[in-house]
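J.: Provide a 3D model corresponding to the input given below.
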Amino acid sequence: MAVVVKRTLENGDANDVQFKAGMSVPIAFAVWDGANIERNGMKSLSTWFTLKL
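T.: As a prediction, this is how the structure comes out:
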């Protein structure tokens, strides 16, 4: 399985993270499995990863 997320590195929104080439950002994922009746706070969480740009 693969997930592709696309956005500009910098978007000018003061409430959004601004990415710069070469930086490292901590990232984690939350996944809801509807077939397992997961919703709201019921979900699977990943450990932290380092996203290197």
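
J.: CA only for contacts and neighbour counts going forward, please
T.: OK.

J.: A strand includes Ala35, no?
T.: No. Looking at Ala35 with DSSP: H, G, I helix; E, B strand; the rest coil, it is helix, so not inside a strand.

J.: Compute the number of surrounding residues for it.
T.: 6 (other Cα atoms under 10 Å).

J.: Likewise for the one 5 residues further on?
T.: Counted by other Cα under 10 Å, the residues lying close to Asn40 total 6.

J.: For it, give me the pLDDT.
T.: Confidence at Asn40, expressed as pLDDT, is 82.

J.: what about Asp33, distance to Phe49?
T.: 21 Å (Cα to Cα, to the nearest Å).

J.: Any idea how many residues pack against the residue nearest to Glu38 when sequence neighbours are not counted?
T.: Leaving out its chain neighbours, the residue that sits closest to Glu38 by Cα to Cα, 6 or more residues apart in numbering is Trp32, at 5.6 Å. Trp32: 15 surrounding residues under other Cα under 10 Å.

J.: How about Ser24?
T.: Using other Cα under 10 Å, Ser24 has 13 other residues around it.

J.: quick one, strands of this structure?
T.: 24-27, 30-31, 44-45, 49-52 (DSSP state E).

J.: Mind putting the ones you listed into TSV with distance to Val17 and mean pLDDT?
T.: What follows is the strands of the chain, written out as TSV (distance: least, Cα to Cα, whole Å; pLDDT from 0 to 100):
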stretch	distance to Val17	mean pLDDT
strand 24-27	10	93
strand 30-31	18	88
strand 44-45	21	89
strand 49-52	13	93
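
J.: Minimum distance to Lys6: which of those has it?
T.: Nearest to Lys6 among those is strand 49-52 (13.7 Å), distances taken as Cα to Cα.

J.: which residues touch that closest one?
T.: Gly22, Met23, Ser24, Val25, Pro26, Ile27, Ala28 (Cα atoms under 8 Å, 6 or more residues apart in numbering).

J.: Return the member of those nearest to Met1.
T.: Closest to Met1, out of all of the contacts of strand 49-52 and judged by Cα to Cα, is Ala28, at 16.4 Å.

J.: Just the pLDDT for Asp16.
T.: Reported pLDDT for Asp16: 91.

J.: All set now, cheers.
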